[in-house]
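Novice: need a structure here:
(3 chains)
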Amino acid sequence: MSDEAMMTGKHFMNGDEACAEGALAAGCRFFAGYPITPQSEIAERMSKRMPEVGGRFIQMEDELSSIAAVLGGSWGGSRSMTATSGPGFSLMMENIGLGMMTETPCVIANIQRGSPSTGLPTAVGQGDMMQAQWGSHGDYGVIAYAPTSPQEMFDFTVKAFNKAEQYMMPVFVMADEKIGHMRERVEIDENKVEIYPRRKPEVDPDEFKPYEPDEDLVPHMASAGEGYRVHVTGLTHNQQGYPQLDVETQQEKVGRLVDKVEKNKDDIVEIETIGIEDAEVLIVSYGMAFRTAMGAYKRAREKGIKAGIVRLVTVWPFPDDRIKEFSKQVKGIVVPEINLGQMVREVERATAGNAEVKLVPHPGGGLHEPDQILESLEALL
Amino acid sequence: MSTEIEKEKATEKWPTDKGYIYIREDYCKGCGYCIEFCPQEVLEESAGFNEKGYHPPEPTAIDKCVNCGFCSIICPDFAIWDEKEGTNE
Amino acid sequence: MTTELKQKEEVKPELTSAEHPATKYLREERLPHIWCSGCGLGSAVTSLTNAYEKLEIPIDDIGVVSGIGCSGRAAGYFETDSYHTTHGRAIPFATGLKLSNPEMNVTVFSGDGDLFAIGGNHFIHAARRNLDMTVICVNNYNFGMTGGQFGPTTPRGATATTSPYGNYENPFNLPDLAASAGAVYVARWTSVHARRIQQAMEDALSKKGFSFVEILSPCPTGYGRKNDLGEGIDELKSYQNRAVIKHESDPSEAEIERDPEAEIVVGNFVDIDRPTYCEVADDYLQSQ
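Specialist: Residues are numbered from 1 along each chain as shown, chains lettered A, B, ... in the order given. Below is the predicted model:
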């Protein structure tokens, strides 16, 4: 393929491959994963490309160990990632919590399929959206991207690595089978790939506290072997990183895990709006469902319906303020998603009764017909 | 080996280290390992209590200590260790 | 600290090592540790720090990884880069650490429940791959931290809080498991063999590849008193009587019985050479 970490130029590749290339372009040099449909092409691409760029690929014995190895890889000093699909995502949950608690930068790509359980291994689904936020036990902020094309699989994986380093936490790329297997043009331009460097300690080891946050509520990270002799634990810990099991420390630590995302929402949240200026009805969508929603939007406009779209680039943290603002100007909002109602709950919550909110569900295994979404829009008028 | 040589070996005096023992009483949990497994029987349980309520060891036969270090390695609580103070001729 | 020292005289100015040899490698501000009186974990820690010192491994090159449980707390006491991970996942975490930073000397220090119940799959796969790390298992035959439930190494017939009628499951024989999974160094000692443990740890740390040291440890609180073994010191004395050193013997014959008189085979079972995961991977990839 190429021994260049960044395969610049125009390529025809599928979303999984683009995700792997995005990771490599963002400096990922450690990948641990376990085969699962429809993610396997990411691992396959990584197994081929990692040796070419001097990184390390390992196929672990399961997803439990894959995510654990990724956390170890990150503390070892490498930008690290894993990729999986629903069942594997479920298995990773405990160590995703460890990654959140220990503030370990890494990226987890979930190429969602029809669910629950083994579900529809080779077909599309968006059933893991709530799990991305609430899957591991306890409170913590989450950053999750929802790409809609192979190009975005590349771009958003780069973004995910940068946000992981900027906020020192695992970041999700919540794609799905359709995006993963869709083959489109992917343009890789090194001038467009920016890399957020690791937040290294700025003081001597004697003064360094691994969990002392900066003003943005994010601490610095000393990798293994750098002489900082850090202690990292999933137990509630103080700024020194030592276990301290009391309410005050729990409040400071867990409160900060939530706040570092919540209070930096302006920097993290990304949405795209289309036709919003004069919109009377709105579609809120993300991921693969957004592509269908675009079809519905175009048909609605052709019919003279003043429709608009809010597309979630980041699904987590949820853009409450923006949705609330839009809800005041429209009669209703439809939320098409390839599940039986997940992000729609967030839309309802943010809307706070300002507008009627209607789910356009799909159980998974296929996509909505644009007309289904269109009919829901019309029903709101 | 002939019996005579064996006998000579057994009775030969080798110079040994003279040890000095440190005890950190507040770490001691009174397991008694150092007392039981000291090959020179240097230690005994003290009569007093530490703040945890255990009886730490005390070196009652320090002259026999040969600085072998076994107390420091068998102690589960990092509470006792030795150091070479000199040599027994 | 001087004031807390008890000795025959004042601290002598010519004597300089007024601290326990292990403390050079430990976070002293976190001591005393949380482990019970008579627990074997502390002496296993000292054996390990002594081994680090003997081998002159720079402290900044050492990474200690633990899982969960009493033994899982060990990582928190090492003043090295130290990682206290989730239950059962110390070995995969250590795998990532080592592959990402091959210069690190990675030691996994954990317990029998963590490594062989919830983490058993990772153990056999790391051994199969021959990842270059040392795994130290302090085996106390039960889940101590959670109150003394039976585990994958509890001898048949032994009483635990979840085996009130006696354990009817077959335990793992850890040296046999490690050897058959592909470990290149396998040793077992009991807590009373403190020097042998240190030597085994030196050998294991020096060994390239997946090395394994099992330490049979007393757990008077969780296991001993439910099984009429007395205090920790009684358990150690019984190890002194029961242990039979059989170097290079067949590990499949190293089963542990509950019978407090039954022989326990200890020693170095395996010491072989086999290319490590990274060596094989790099050679193979370069030849392609």
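Novice: Can you tell me which helices and strands the longest helix seen in chain A packs against?
Specialist: Under DSSP state H, the helix in chain A containing the largest number of residues is helix A:150-167. Contact here means 3 or more C-beta pairs under 8 Å, 6 or more residues apart in numbering or on different chains; DSSP states H and E; on that basis helix A:150-167 packs against helix A:15-25, strand A:79-84, strand A:106-114, strand A:144-145, strand A:170-176, helix A:177-181, strand A:183-188. (C-beta placed from N, C-alpha, C; glycine too.)
Novice: got the angle between the second one and helix A:150-167?
Specialist: To tie it back to what came earlier, the one meant is strand A:79-84. Using axes from the mean of the first three to the mean of the last three C-alpha atoms, to 10 degrees, the direction of strand A:79-84 lies 130 degrees away from that of helix A:150-167.
Novice: Looking at the helices and strands packed on helix A:150-167, spot the one closest to C:E257.
Specialist: strand A:79-84 (42.7 Å; C-beta to C-beta).
Novice: The closest one close to chain C?
Specialist: Yes - counting by C-beta under 8 Å from any C-beta of the partner chain, chain C has neighbours in strand A:79-84: A:S80.
Novice: how about the CA coordinates for the helix or strand just after that strand, as PDB?
Specialist: Using DSSP states H and E, the helix or strand that follows strand A:79-84 in sequence is helix A:86-101. Listed next in PDB are the C-alpha coordinates belonging to helix A:86-101 (Å, rounded to 0.1, in the frame of the first residue of the first chain):
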ATOM      1  CA  GLY A  86     -22.200  -3.800  19.200                       C
ATOM      2  CA  PRO A  87     -21.400  -7.100  21.000                       C
ATOM      3  CA  GLY A  88     -17.800  -6.100  21.300                       C
ATOM      4  CA  PHE A  89     -18.700  -2.600  22.500                       C
ATOM      5  CA  SER A  90     -20.800  -4.200  25.200                       C
ATOM      6  CA  LEU A  91     -17.800  -6.200  26.300                       C
ATOM      7  CA  MET A  92     -15.600  -3.100  26.400                       C
ATOM      8  CA  MET A  93     -17.800  -1.100  28.700                       C
ATOM      9  CA  GLU A  94     -16.000  -1.800  32.000                       C
ATOM     10  CA  ASN A  95     -12.600  -0.700  30.700                       C
ATOM     11  CA  ILE A  96     -14.100   2.200  28.900                       C
ATOM     12  CA  GLY A  97     -15.000   3.300  32.400                       C
ATOM     13  CA  LEU A  98     -11.400   2.700  33.500                       C
ATOM     14  CA  GLY A  99     -10.300   4.900  30.600                       C
ATOM     15  CA  MET A 100     -12.700   7.600  31.600                       C
ATOM     16  CA  MET A 101     -11.700   7.400  35.300                       C
END
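Novice: is helix A:86-101 anywhere near chain C?
Specialist: Yes - contact of helix A:86-101 with chain C (C-beta under 8 Å from any C-beta) involves A:E94, A:N95, A:G97, A:L98.
Novice: Double-check the last one against A:G72; I have them as touching.
Specialist: Pointing back at A:L98 there. No - using C-beta atoms under 8 Å, A:L98 is not in contact with A:G72; the gap is 10.6 Å.
Novice: More neighbours: these two, which one.
Specialist: With neighbours defined as other C-beta atoms under 10 Å in any protein chain shown, A:L98 and A:G72 compare such that A:G72 has more, 34 against 23.
Novice: Neighbours of the residue of chain B found nearest chain C, how many?
Specialist: In chain B, no residue comes nearer to chain C than B:P76, which is 3.2 Å away by C-beta to the nearest C-beta. Neighbourhood size, B:P76 [other C-beta under 10 Å]: 28.
Novice: Surely it and C:P32 touch.
Specialist: No - look at B:P76 against C:P32 with C-beta under 8 Å: they stay out of range, at 10.4 Å.
Novice: For stretch C:260-270, the averaged confidence score.
Specialist: If you average the pLDDT over stretch C:260-270, you get 96.
Novice: Alpha carbons of that stretch, in PDB - could you do that?
Specialist: Presented in PDB, the C-alpha positions along stretch C:260-270 are these (Å, rounded to 0.1, in the frame of the first residue of the first chain):
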ATOM      1  CA  PRO C 260      -2.700 -29.900  55.800                       C
ATOM      2  CA  GLU C 261      -0.200 -32.700  55.800                       C
ATOM      3  CA  ALA C 262      -0.100 -33.300  52.100                       C
ATOM      4  CA  GLU C 263       3.100 -32.600  50.100                       C
ATOM      5  CA  ILE C 264       3.300 -29.400  48.100                       C
ATOM      6  CA  VAL C 265       5.700 -29.500  45.200                       C
ATOM      7  CA  VAL C 266       7.700 -26.300  44.800                       C
ATOM      8  CA  GLY C 267      10.700 -25.300  42.600                       C
ATOM      9  CA  ASN C 268      11.500 -24.200  39.100                       C
ATOM     10  CA  PHE C 269       9.400 -26.200  36.700                       C
ATOM     11  CA  VAL C 270      10.200 -24.600  33.400                       C
END
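Novice: is it true that A:T122 touches A:Q39?
Specialist: No - if you go by C-beta under 8 Å, A:T122 and A:Q39 don't touch, sitting 11.6 Å apart.
Novice: So the two - more neighbours on which side?
Specialist: Between A:T122 and A:Q39, counted using other C-beta under 10 Å, the more crowded position is A:Q39 (28 against 11).
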